[in-house]
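> Need the 3D shape of this:
(one chain, ligands or ions: 1)
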Amino acid sequence: MAKKTSNDFVQMVANGEKIVYLTAYDYLTAKMVEKAGIDMILVGDSLGMVCLGYDTTFPVTMDDMIRHCQAVRRGAPNTFIVGDMPYMSYQASDEQAIMNAGRFIKEAQVDAIKLEGGGPMIASRISAIQQSGIQAMGHIGLTPQFMGQIGGYKAQGRSAGAAMKLVNEAKLLEEASAFAILVEGVPSVVGKAITERAGIPILGIGAGPYTHGQLLIYADMVGFYDNFTPKFVKKYANVAEVLTNAFKEYAQEVREGNFPIDPDHTYKMKEEEMNEFLAILEK
Ligand code: KIV
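Numbers count the residues shown, from 1 in each chain. Prediction:
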């Protein structure tokens, strides 16, 4: 299947087709995600928690992001990939944002980048990145890189004033020429209001059913990452249990001397070579 472009996403919205968006962080998972026909992959800075074992996304570096985006690109050569700009890779200035967004394109061949936040400073970064020829996705609502200010990992936009602020932020980012916006952790009515007023694709994660598309963190939805599961995650599998059981069975078979003994999992020599070898050993 041909790789989709941002124009295809606009067309999907016009046709009333939902955009399916999923994270991936490595080659093997990316291969499966592409095989499943997912429209868009996010290499999120959530990789800090899901792959690197940090408690938050703050320690994730540009080099971490580039390395994982490269692996995902190798696994999913025909899928639209969004690289997530990590903490302090764009906050300092428009110039810093352009340089780091450029690294994603140049070193990892992603199709677009995403950055968190909705105020005038972020609008300026998005505009600068777009003007340098790179497609930028906004991300508003529950934005983990602004954890201190938004009061922790919890739903946003739950008062009329806070909801209106998000509607206005979405408009601001659209005017700054974001090609799409991800809305995270807001009541469905807020996701709906933002989507109805938007002229660009609105993707949601924990933003209800009305957005133009949905994102989930793959490790949450297959039950791989089990440290914490947000309310909005539906579990489609229990991979952690499947893998843990496989590891236990392997350990037991090795300890009992039952692996590897069957001919399917061991190599043989031709009989005459083996006899010659054994004769040499006996000399
Ligand atoms: O890093 C990530 O995976 C994200 C999602 C949580 C939206 O930004």
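> can I assume residue 24 is in contact with residue 46?
No. Applying CB atoms under 8 Å, one finds residue 24 not in contact with residue 46, separated by 10.9 Å. From N, CA and C alone the C-beta is placed, and that goes for glycine too.
> neighbour count winner among the two?
residue 24 (29 against 21; other CB atoms under 10 Å).
> Would you mind finding the longest strand in this structure?
What stands out as the longest strand in the chain, according to DSSP state E, is strand 135-141.
> which helices and strands sit right next to it?
Packing partners of strand 135-141 (3 or more CB pairs under 8 Å, 6 or more residues apart in numbering; DSSP states H and E): strand 112-116, helix 120-131, helix 160-175, strand 180-184.
> what comes into contact with the first one?
Outside strand 112-116, the residues that touch it by CB atoms under 8 Å, 6 or more residues apart in numbering are 6, 42, 80-85, 90, 97, 101, 104-105, 122, 125-126, 129, 134-140, 143-146, 179, 182.
> what number of residues lie near residue 234?
Residues near residue 234, counting by other CB under 10 Å, number 8.
> Just list the residues touching residue 64, thanks.
By CB under 8 Å, 6+ apart, the contact set of residue 64 is 47, 48, 52, 86.
> If we use 7 Å, what do you get?
Residue 64 sits next to 47, 52 when contact means CB atoms under 7 Å, 6 or more residues apart in numbering.
> Equivalent analysis for residue 198, please.
170, 174.
> So which bits of the helix or strand residue 242 falls within are buried?
Per DSSP states H and E, residue 242 falls inside helix 239-255. For helix 239-255, a neighbour-count test (16 or more other CB atoms under 10 Å) marks residue 239 as buried.
> which other residues reach it?
Contact with helix 239-255 is made by 222, 223, 224, 226, 259, as judged by CB under 7 Å, 6+ apart.
> Am I right that residue 41 sits in a strand?
Yes. Counting by DSSP: H, G, I helix; E, B strand; the rest coil, residue 41 is part of a strand.
> Near the ligand, which residues of the stretch 1-150 of the chain? Just list them.
Residues of the stretch 1-150 of the chain lying near the ligand by CB under 6 Å from any ligand atom: 23, 42, 44, 45, 46, 84.
> Next step: those restricted to strands.
23, 42, 84.
> Any chance of those in TSV with neighbour count and pLDDT as columns?
Below are these laid out as TSV (neighbours: other CB atoms under 10 Å; pLDDT from 0 to 100):
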residue	neighbour count	pLDDT
23	26	98
42	29	98
84	27	98
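> Could you look up the SS state of the closest residue to residue 211 other than its chain neighbours?
What sits nearest to residue 211 in space, not counting adjacent residues and going by CB to CB, 6 or more residues apart in numbering, is residue 204, at 3.3 Å. Applying three-state DSSP to residue 204 yields a three-state assignment of strand.
> now the end-to-end length of stretch 8-24.
End-to-end distance for stretch 8-24: 21 Å, by CA to CA, to the nearest Å.
> Next, the buried residues of that stretch.
So for stretch 8-24, counting by 16+ other CB under 10 Å, buried means 8, 9, 10, 12, 13, 19, 20, 21, 22, 23, 24.
> Same question for stretch 187-194.
Result for stretch 187-194 [16+ other CB under 10 Å]: buried residues 187, 190, 191, 192, 193, 194.
> where's the last one, which helix or strand?
To tie it back to what came earlier, the one meant is residue 194. Take DSSP H and E as the rule and residue 194 turns out to sit in helix 188-197.
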